[in-house]
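Colleague: Predicted model and sequence below, questions to follow.
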Amino acid sequence: MGAEAGDREAGPHYLPIAEHGLIGDLRSVALVGSDGTIDWYCCPDFDAPSVFAAVLDAERGGAFELAAALPARTKQFYFPDTNVLITRFSTEDGVGEVQDFMPVGAEGTESERHRLIRRVVCVRGTLPFRARIAPRFDYGARPHTVRVDGEAVVFASDGLSLALTSTVPLEVQGPDARAEFKLTEGESAVFALDQVGADIAPRRCARVEAEQQFATTVAYWRRWLSASKYRGRWREMVHRSALTLKLLTYAPTGAIVAAPTTSLPEQLGGERNWDYRYVWVRDAAFCVYALLRLGFSGEAEQFMTFVTRHISPGDGKQLGPLQVMYGIDGRTDLTETELPHLEGHQGSAPVRVGNAAADQLQLDIYGALIDSIYLYDKWAQPISSDQWDDVCALVDWVCEHWDQPDEGIWETRGGRKNFLYSRLMCWVAIERAIRMARRRGLPADLPRWGGNRDAIYRRIMTRGWSESRQAFVQYEGGDVLDAAVLMMPLTKFIAPTDPKWLSTLDALKKDLVSDSLVYRYDPVASPDGLRGDEGTFSICSFWYVEAMVHAGRVEEARLAFEKMLTYGNHLGLYAEEISHTGEQQGNFPQALTHLGLISAAFNLDRALG
């Protein structure tokens with residue numbers, strides 16, 4: 001941590017992905033760089049077009065810069081047990097800090113105004129600051145006007161207008177607003193960026209109001225976190241992961257986005273850049289499991305409401321393959337397009353919005369979905385009769401279609417195959433439904449379900465096993481390894497000490513594990529239709545920890561887990577992947593990785609006693 005403040009003036013400059021913190025209001029988020037610049041913010045929602053996107057194009061994306069106007073060392077941390085972010089600037093003349101937050105009220109309200117508050121405080125000595133507010137609407141493609149309206153500067157574009165108010169004088173320069181000011185010890189300044197419209201006038205942001213909203217927001221996050229039941233060894237990391245997951249929750253529907261960003265590259269200069277601001281069905285079971293394990297049953301319930309309303313085949317929806325992902329409001333049209341006017345993070349084009357993987361066939365999502373319903377029914381509250389009818393319809397569909405080739409968990413664009421993981425999760429779908437039916441005496445075609453469940457098991461054990469590799473492999477008839485098979489013992493498909501499984505674990509360690517970090521698969525051995533390489537996949541590294549815990553290799557698991565914690569950023573946040581040099585890659589922060597961390601910590605704690 002040591003970004004020099006104010007060095008963005010010199011020209012195109014990209015902070016590494018990991019040099020960011022996250023703030024949000026349960027509707028949208030902002031990424032705040034360790035140099036004090038907000039370089040990603042979509043308003044009013046996660047998947048709305050960006051207002052600040054300098055993380056994807058330093059020149060054209062737009063940013064909200066706020067930093068000491070002197071060379072400074074910077075440090076970033078969260079106000080304890082909250083999602084309020086503090087960036088400190090230390091100089092020869094004094095120390096100052098910027099407190100960033102998006103107000104959240106008593107019940108997660110206040111967010112309808114989509115307010116972003118930046119409070120600057122001089123802690124010691126005297127310090128000059130400078131600010132540049134440069135919104136670029138609609139991913140930098142839509143022009144805007146700037147006007148002064150009383151104490152506010154209003155940036156207006158078609159469809160969205162934002163008002164900036166400040167306790168220091170603002171100066172309009174072209175499409176931007178700027179401020180230069182000096183604070184002495186104990187003094188503060190406040191900037192507030194508000195969504196405004198025809199019926200919503202700009203409002204002042206006096207210091208007293210900012211103080212009140214700061215206190216209310218801090219109280220909200222602390223009250224929310226106090227429901228956590230986790231008392232284990234890695235409390236700080238687990239709680240930061242929980243707070244991050246909550247930030248990735250869209251309060252109006254209970255949806256949880258995979259990540260709040262789009263097109264942050266899995267490899268610098270590569271084309272593996274995807275939009276993750278949607279809800280993946282696959283994440284459902286991991287979400288419900290992690291939230292219930294920590295004691296957040298309300299969030300699990302809201303997510304299940306989203307699942308029932310938008311994903312299950314009720315309400316007269318046709319019974320066919322479920323969509324892989326959905327919009328935060330449940331919409332199904334996620335057409336993928338490219339934005340050629342943006343250069344991409346550090347020149348990594350293309351920048352994409354929407355996601356064509358929504359139209360793929362991925363059979364594993366049935367297991368994830370039904371497993372999440374099973375966990376909720378077991379640990380939270382029994383599902384309704386209508387929900388059970390939906391489950392039966394889904395299981396009947398799986399019984400008909402489990403043996404089809406598909407695109408698989410990694411959403412490869414290299415053609416359909418008979419992926420082992422897809423078969424495994426079809427087995428989970430049927431097996432969990434049978435458990436629910438038996439435990440609660442619910443009506444079900446058990447002979448048919450049981451026959452299909454057993455057929456899948458036999459198929460995996462024969463065609464998914466490679467004699468030459470002495471391991472379970474990525475797809476039938478192949479000999480390529482895949483980290484997704486780490487889920488076999490975690491889903492209780494195979495005993496964690498079964499000789500075939502232990503042999504697979506050893507093969508994975510030899511082929512895909514690098515100093516406790518785990519690659520998904522080898523794209524050279526198993527072409528996925530895309531150019532370039534990728535880093536190790538962080539969720540797989542946490543699955544590896546859990547698989548070793550279950551196999552009784554607890555000390556090895558603990559060392560791998562502790563190593564994995566060193567790859568989190570300065571705030572304990574994780575992107576999707578880690579490069580061979582240890583840098584974070586891909587969309588940031590990623591929900592699945594944080595869910596994996598929680599699950600691994602929980603199970604490792606239990607094994608250590």
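Modeller: Sure thing, it's come through.
Colleague: What are the contacting residues of the helix or strand of the chain with the lowest mean pLDDT?
Modeller: Scoring the helices and strands of the chain by mean pLDDT, DSSP states H and E places helix 283-294 at the bottom, with a mean of 88. If you take Cβ atoms under 8 Å, 6 or more residues apart in numbering as the criterion, helix 283-294 is touched by 228-230, 238, 242, 245, 256, 258, 297, 299-300, 303-304, 307, 311, 367-369, 371-372, 375-376, 379-380, 591-592, 595-596, 598-599, 602. All C-beta spots, glycine's among them, are computed from the backbone N, C-alpha and C.
Colleague: Moving C-terminal from it, which element do we reach first?
Modeller: For helix 283-294, the succeeding helix or strand toward the C-terminus, using DSSP states H and E, is helix 297-306.
Colleague: Ser241 falls within a helix, correct?
Modeller: Yes - inclusion of Ser241 in a helix is indicated when DSSP: H, G, I helix; E, B strand; the rest coil is applied.
Colleague: mind listing the helices for this protein?
Modeller: Using DSSP state H, the helices of the chain run over residues 137-140, 207-225, 235-247, 283-294, 297-306, 364-379, 385-401, 420-440, 446-463, 487-490, 499-512, 538-550, 554-565, 591-608.
Colleague: Let me see the mean pLDDT of the first one.
Modeller: Going back to what we said before, that points to helix 137-140. Computed over helix 137-140, the mean pLDDT rounds to 98.
Colleague: ok, the residue lying closest to Ser516 once chain neighbours are set aside - contacts?
Modeller: Setting aside the residues directly before and after it, Ser516 is nearest to Ala560 in space (Cβ to Cβ, 6 or more residues apart in numbering), at 3.8 Å. Taking Cβ under 8 Å, 6+ apart, we find Ala560 in contact with 516, 541, 544-545, 548.
Colleague: With distance to His341, neighbour count and pLDDT added, can I get those in CSV?
Modeller: Converted to CSV, the contacts of Ala560 look like this (distance: Cβ to Cβ, whole Å; neighbours: other Cβ atoms under 10 Å; pLDDT from 0 to 100):
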residue, distance to His341, neighbour count, pLDDT
Ser516, 41, 21, 90
Ser541, 36, 29, 97
Tyr544, 41, 27, 98
Val545, 42, 29, 98
Met548, 47, 26, 98
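Colleague: hey, what's Ser466 bridged with?
Modeller: With DSSP bridges applied, the residues forming beta bridges to Ser466 are Ala471.
Colleague: So it is in contact with Val473, correct?
Modeller: Yes - with contact defined as Cβ atoms under 8 Å, Ser466 and Val473 form a contacting pair (4.7 Å).
Colleague: what sits in contact with each of these two?
Modeller: Residues within reach of Ser466 and of Val473 at once, by Cβ under 8 Å, 6+ apart, are Asp479.
Colleague: For the stretch 451-600 of the chain, give me the ranges with low pLDDT.
Modeller: Residue ranges of the stretch 451-600 of the chain with pLDDT under 70: 526-532.
Colleague: Just give the nearest non-adjacent residue to Gly232, would you?
Modeller: Nearest-residue entry for Gly232: Asp605, 3.7 Å, with adjacent residues in sequence omitted and distances by Cβ to Cβ, 6+ apart.
Colleague: and if you look at Thr504?
Modeller: Nearest in space to Thr504, with sequence neighbours left out and distances taken as Cβ to Cβ, 6+ apart, is Ala471 at 4.2 Å.
Colleague: which residues touch Leu22?
Modeller: Contact criterion Cβ under 8 Å, 6+ apart gives 29-32, 83, 85, 244, 247, 260, 571, 573, 589 as the residues in contact with Leu22.
Colleague: Okay, and the beta partners of Ser90?
Modeller: Arg73, Val95.
Colleague: Leaving out sequence neighbours, find the closest residue to Pro405.
Modeller: Arg416 (3.9 Å).
Colleague: Tell me, how many residues neighbour the one you found?
Modeller: The burial metric for Arg416, expressed as a neighbour count using other Cβ atoms under 10 Å, is 15.
Colleague: And for the one 10 residues further on?
Modeller: With neighbours defined by other Cβ under 10 Å, the count for Cys426 comes to 28.
Colleague: If you count surrounding residues, which of Ser466 and Val473 has more?
Modeller: Taking neighbours as other Cβ under 10 Å, Ser466 and Val473 compare with Val473 leading, 23 against 19.
Colleague: Isn't that one up against Ala484?
Modeller: No - counting by Cβ under 8 Å, Ala484 is not a contact partner of Val473; they are 10.7 Å apart.
Colleague: Name the residues contacting each of these two.
Modeller: When Cβ under 8 Å, 6+ apart defines a contact, the residues bordering Val473 and Ala484 alike are Leu420.
Colleague: roughly how far apart are the spatially most distant residue from the centre of the chain and Leu248?
Modeller: Most distant from the centre of the chain: Pro447, at 39.9 Å, with distances by Cα atoms, centre = their mean. Applying Cβ to Cβ, to the nearest Å, the value for Pro447 to Leu248 is 42 Å.
Colleague: residue ranges with poor pLDDT in the protein?
Modeller: Counting by pLDDT under 70, the chain has low-confidence residues at 1-12, 106-113, 198-201, 312-320, 526-532.
Colleague: hmm, 80 instead?
Modeller: Residue ranges of the chain with pLDDT under 80: 1-12, 105-113, 198-206, 284-285, 312-320, 412-414, 523-534.
Colleague: Counting neighbours, what do you get for Asp390?
Modeller: Asp390 is flanked by 23 other residues according to other Cβ under 10 Å.
Colleague: can you check Gly582 too?
Modeller: Using other Cβ under 10 Å, the number of residues around Gly582 comes to 13.
Colleague: how near is it to Phe214?
Modeller: Computed as Cβ to Cβ, the Gly582 to Phe214 distance reads 35 Å.
Colleague: Over to Gly408?
Modeller: Where Phe214 is concerned, Gly408 sits at a distance of 46 Å (Cβ to Cβ).
Colleague: same thing with Asp45?
Modeller: With the distance defined as Cβ to Cβ, Asp45 ends up 24 Å from Phe214.
Colleague: What residues are recorded as beta-bridge partners of the closest residue to Thr536 other than its chain neighbours?
Modeller: Among residues not flanking Thr536 along the chain, Leu517 sits closest, at 3.8 Å (Cβ to Cβ, 6+ apart). The bridge-partner assignment for Leu517, based on DSSP bridges, gives Ser514.
Colleague: At which residues are the strands of the stretch 101-250 of the chain located?
Modeller: Listed from the start of the chain, the stretch 101-250 of the chain has strands (DSSP state E, counting those that start in this stretch) covering 116-134, 145-149, 152-157, 160-166, 171-173, 176-184, 188-196, 249-250.
Colleague: Looking at those, which is nearest to Glu343?
Modeller: When those are ranked by distance to Glu343, counting by Cβ to Cβ, first place goes to strand 116-134 at 16.6 Å.
Colleague: what angle do the closest one and strand 176-184 make?
Modeller: Here strand 116-134 runs at 120 degrees with respect to strand 176-184, directions being taken by axes from the mean of the first three to the mean of the last three Cα atoms, to 10 degrees.
Colleague: buried residues in strand 116-134?
Modeller: 116-122, 127-134 (16 or more other Cβ atoms under 10 Å).
Colleague: and what of stretch 323-341?
Modeller: When neighbours are counted by 16+ other Cβ under 10 Å, the buried residues of stretch 323-341 are found to be 323-328, 334, 339.
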